[in-house]
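Engineer: have a look at this prediction, sequence included:
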Amino acid sequence: MVDGQTERSWRRSLDAALRWRPEELCLYPLYVRPLTGLGRTEGAGPDPEWDAQRLRLYRHGRDHLLTANDFPTELAAFAERGWLDETAGPDLLRLSPEGLAHSDALGPMLFSPGVRSRMAAYDLK
């Protein structure tokens, strides 16, 4: 996400990429982890407005690409909070479009209690 980016400018960027007629165009929701370069950048990370903008632009881009083209969607095998595509069948776990918006955040939800405890005890420097 570029500082000051709007849904309109984001769509123009996506349309410019689509004019190249790529075989595949991947769209990932930006997820900022603490102690990373971006996590230490002012205006990124835990700010609720920034996070809402990040998700809004991701959803806008996702919906635009789904209506503009027939690109395959990359799927992850997770089941949390209704983010599962229940039409996938009993033997297949697949994220719904909304689940994809949270895909990077799902991994920590699967951490064991021991890992969570060690992470909570870690002293940030």
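Structural biologist: Happy to help now that I have it.
Engineer: quick one, what contacts residue 15?
Structural biologist: Residues in contact with residue 15 (CB atoms under 8 Å, 6 or more residues apart in numbering) are residue 68. (Each C-beta comes from the backbone N, C-alpha and C, glycine too.)
Engineer: past the helix or strand hosting it, which element shows up next along the chain?
Structural biologist: According to DSSP states H and E, residue 15 maps onto helix 7-18. Counting by DSSP H and E, the next helix or strand C-terminal to helix 7-18 is helix 48-68.
Engineer: give me the distance from the very next helix or strand once past that following helix to the chain's centre.
Structural biologist: Sequence-wise, the next helix or strand downstream of helix 48-68 (DSSP H and E) is helix 97-101. Averaging C-alpha positions (CA atoms, centre = their mean, to the nearest Å) puts helix 97-101 7 Å from its chain's average.
Engineer: what's the residue closest to the geometric middle of this structure?
Structural biologist: residue 29 (2.3 Å; CA atoms, centre = their mean).
Engineer: does it touch residue 61 like I think?
Structural biologist: No - counting by CB atoms under 8 Å, residue 29 stays clear of residue 61, with 9.4 Å between them.
Engineer: follow-up on the earlier one: ok, the residue nearest to the centre of the chain to residue 56 distance?
Structural biologist: 11 Å (CB to CB, to the nearest Å).
Engineer: what are the buried residues along the one helix or strand in the chain whose mean pLDDT sits lowest?
Structural biologist: Here the helix or strand of the chain ranked lowest by mean pLDDT, DSSP states H and E is helix 103-109, holding a mean of 74. Residues of helix 103-109 classed as buried: 103, 106 (neighbour count, 16 or more other CB atoms under 10 Å).
Engineer: now find how far off-centre that helix is within its chain.
Structural biologist: 10 Å.
Engineer: many thanks, have a good one.
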